[in-house]
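J.: Predicted model follows, preceded by the sequence.
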Amino acid sequence: MAVYTALSQADVQRFIQRFGWHDLVELKATESGIENTNYFVTALDANGNTGKLVLTLFEKVPIDALPYFVELTSFLADKGIPVPKPFRDHQQLAVHRLKSKPALLVPCFAGHHPQTPSLIQCQLIATALAKMHLASGQFLLQRENVRGPQWRRRSIELLSPILDSENRQLLLEQTSKWTRHQAAIDALPHGITHNDLFHDNALFLENKLTGIIDFYQACNDVLIYDLAVLVNDWCSDEEGRLMGPLYDAVMGAYQQHRPFTPAERAMWPDTLAYAALRFWISRLLSWHDAESHRKVAQKDPDIMRRILLWRLNHPAPL
């Protein structure tokens, strides 16, 4: 959520009016994040009621990819999952251009990102994820994971020349292992996946889950991979070790609603490792990308490397 595209108050005033918001009260840019430009917006509707909104300009996502995200978040919100449902204009269109960039306006949910998730927060986020996965069969749109096998191959080509020998060997060994397991992974249950459900993409007011945000990596993918992404972030310490009570809370809450199949149980330890590997790769790419050396928050790749090594050496119990 870096500021790549600067907006004036007049720009935003004109944009929000098409969605029924009449008066802009406050506009605040946020520089946290990596890929998109985001502004917090406070505005008044026709009745003088105050609304808190988030305006997102997509710097890399093509405009033809956005209808999937619009329909997915609308679908999940209608299912009672706390997801920001995009505003639509009188023609029922949500996506418009602003400063030549695709843009969306969504509600801003109250709450804070849990810096040290509690047991209850882990249970709540796992329950919400399970319910999202269970709803998958009713959502008809499809989107491929853009960080699949082809992306991994391109990433290896980019990273191999710049990594030291130890990290290059780890990268090559684990991506090769993932490739060998790809057919078994592809046979696992698929559905709607968030694919980026780190703790900074969830909002809580104490022990109430108020929002799940940033669905712009969402796609139709392996369900337990989505859970593995969550576990690696919510349940790991700085050394990459699983914190048993948090792990048990997530796994118990999730499987209460959607129990694993035998095939998922067999692939679970490897899936945790692959989820760590995927984010180690993407963070290495961002870290070494000269274009990213701006005032943009970069996430440290080393934590994902430590998680990967821990998952390889200490397979998670089920």
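T.: Yep, it's here.
J.: Domain ranges for this protein, per the record?
T.: 9-107, 119-313 (automatic domain parsing).
J.: Now render the ones you listed as JSON lines, adding distance to residue 3 and mean pLDDT.
T.: For every residue, glycine as well, the C-beta is placed using N, CA and C. Listed next are these as JSON lines, based on distance: least, C-beta to C-beta, whole Å; pLDDT from 0 to 100:
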{"stretch": "domain 9-107", "distance to residue 3": "5", "mean pLDDT": "94"}
{"stretch": "domain 119-313", "distance to residue 3": "8", "mean pLDDT": "95"}
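J.: Pipe those into JSON lines and attach mean neighbour count per row.
T.: Formatted as JSON lines, the domains of the chain follow (neighbours: other C-beta atoms under 10 Å):
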{"stretch": "domain 9-107", "mean neighbour count": "16"}
{"stretch": "domain 119-313", "mean neighbour count": "18"}
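J.: what would the ones you listed look like in TSV with distance to residue 113?
T.: Output for the domains of the chain, formatted as TSV (distance: least, C-beta to C-beta, whole Å):
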stretch	distance to residue 113
domain 9-107	10
domain 119-313	5
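J.: State whether residue 184 and residue 268 are indeed in contact, as I suppose.
T.: No - contact between residue 184 and residue 268 fails when scored by C-beta atoms under 8 Å: they sit 12.0 Å apart.
J.: tell me the phi and psi of the nearest residue to residue 221 once chain neighbours are set aside?
T.: Take residue 221 and drop its neighbours on the chain: the residue closest to it by C-beta to C-beta, 6 or more residues apart in numbering is residue 193, 4.3 Å away. As for residue 193, its main-chain torsions (degrees, to the nearest 10) stand at phi -130, psi 140.
J.: For residue 193, list the residues it contacts.
T.: 133, 145, 218-223, 225-226 (C-beta atoms under 8 Å, 6 or more residues apart in numbering).
J.: Those residues in strands, which ones?
T.: 219-222 (DSSP state E).
J.: Regarding the most centrally placed residue in the chain, what is its secondary structure?
T.: Taking C-alpha atoms, centre = their mean, the centroid of the chain lies closest to residue 196, which sits 2.5 Å from it. Under DSSP: H, G, I helix; E, B strand; the rest coil, residue 196 falls in the coil class.
J.: Look up how far residue 312 lies from the nearest residue to it once chain neighbours are set aside.
T.: Nearest non-adjacent residue to residue 196, counting by C-beta to C-beta, 6+ apart: residue 217, 4.2 Å away. Residue 217 is 24 Å from residue 312, where distance means C-beta to C-beta, to the nearest Å.
J.: Please identify the longest helix in this structure, counting by residues.
T.: Ranked by residue count and defined by DSSP state H, the top helix of the chain is helix 262-288.
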